[in-house]
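In: Show me the folded form of this:
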Amino acid sequence: MNLIDRIRGQFADSVAAKQAAMAAMAAPIAAAAEAMTATLRAGGKIMACGNGGSAADAQHFAAELLNRFEMERAPLAAVALTTDTSTLTSIANDYHYDLVFAKQVLALGRPGDVLLAISTSGNSPNVLAAMQAAQSKGVRVVALTGKEGGKMATALKPDDLHLCVPADRTARIQEVHLLVLHCLCDGIDTLLPGETT
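Out: Predicted coordinates for the structure are as follows:
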């Protein structure tokens, strides 16, 4: 197979993954957008975390809310727990890397807030620890995963939400994750009428 055929194959696989995700995930994404909007309306915040590409997604999502997505509106309360290198490295050094997000959730989380926990495998120990910390603080979890959700799927409480991409390849899961985040941003903007600046 030549390079152009491989590239066309990547595009075709991505389209197929997104179509499968649309069928399986539209309703859960809508529920997550409604939950996040309710949190923001009540004066709460959305925290986001993940590792590697998922850390970049957490930062991207927080930026879209705090600044703006596609329409002019008031800034929304969102924070990525992946950005403060002094906090991350001090926790990892003094305690354990598994706690880099959990300790931040324990410090910053308030009942009624939302934690967006992102992991393509659903098995990231520090994201799992953040979920447990959130649940202990009355913070609702929205888990964004892939494959079959991994350990995160079994750690969810009844009030939590699971957005699981029905794909196995990490690249395809990450591509759908970005689309899901944009759907969440659009949903929040749509559900917050009268909040424009």
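
In: For the rest of this, base every contact and every neighbour count on C-alpha atoms.
Out: Noted.

In: What average pLDDT does the top helix by length along the chain get?
Out: Scanning the chain for the helix with the most residues, using DSSP state H, yields helix 3-41. Summarised as a single mean, pLDDT over helix 3-41 is 97.

In: Which of the residues in that helix are classified as buried?
Out: 14, 17-18, 21-22, 25, 29, 31-40 (16 or more other C-alpha atoms under 10 Å).

In: which helices and strands does it pack with?
Out: The contact analysis (3 or more C-alpha pairs under 8 Å, 6 or more residues apart in numbering; DSSP states H and E) places helix 3-41 against strand 46-49, strand 161-165, helix 170-191.

In: outside of the longest one, which residues touch it?
Out: Same thing as helix 170-191. With C-alpha atoms under 8 Å, 6 or more residues apart in numbering as the test, helix 170-191 has contacts from 13-14, 17-18, 21, 29-30, 32-34, 36-37, 53-54, 57, 61, 64-65, 69-71, 120-121, 144-147, 165-167.

In: same thing with stretch 77-86?
Out: 40, 44-51, 55, 58-59, 62-63, 65-66, 88, 101, 104.

In: First-to-last residue distance for that stretch?
Out: In stretch 77-86, first residue to last residue: 22 Å (C-alpha to C-alpha, to the nearest Å).

In: next one: stretch 122-141
Out: 13 Å.

In: chain center to that stretch, what's the gap?
Out: 12 Å (C-alpha atoms, centre = their mean, to the nearest Å).

In: Across the sheet, point out what pairs with the residue nearest the centre of the chain.
Out: In the chain, the centroid-proximal residue (C-alpha atoms, centre = their mean) is Leu116; its distance is 3.9 Å. The partner list for Leu116 in beta bridges (DSSP bridges) reads Ala48, Val142.

In: and it, what does it touch?
Out: So Leu116 contacts Ile46, Met47, Ala48, Cys49, Ala58, Val141, Val142, Ala143, Leu144 (C-alpha under 8 Å, 6+ apart).

In: Against Met36, how distant is it?
Out: Leu116 is 9 Å from Met36, by C-alpha to C-alpha.

In: Also Leu66?
Out: 13 Å.

In: Isn't Ala134 up against Leu128?
Out: No. The criterion here is C-alpha atoms under 8 Å, and Ala134 misses it with Leu128 at 9.8 Å.
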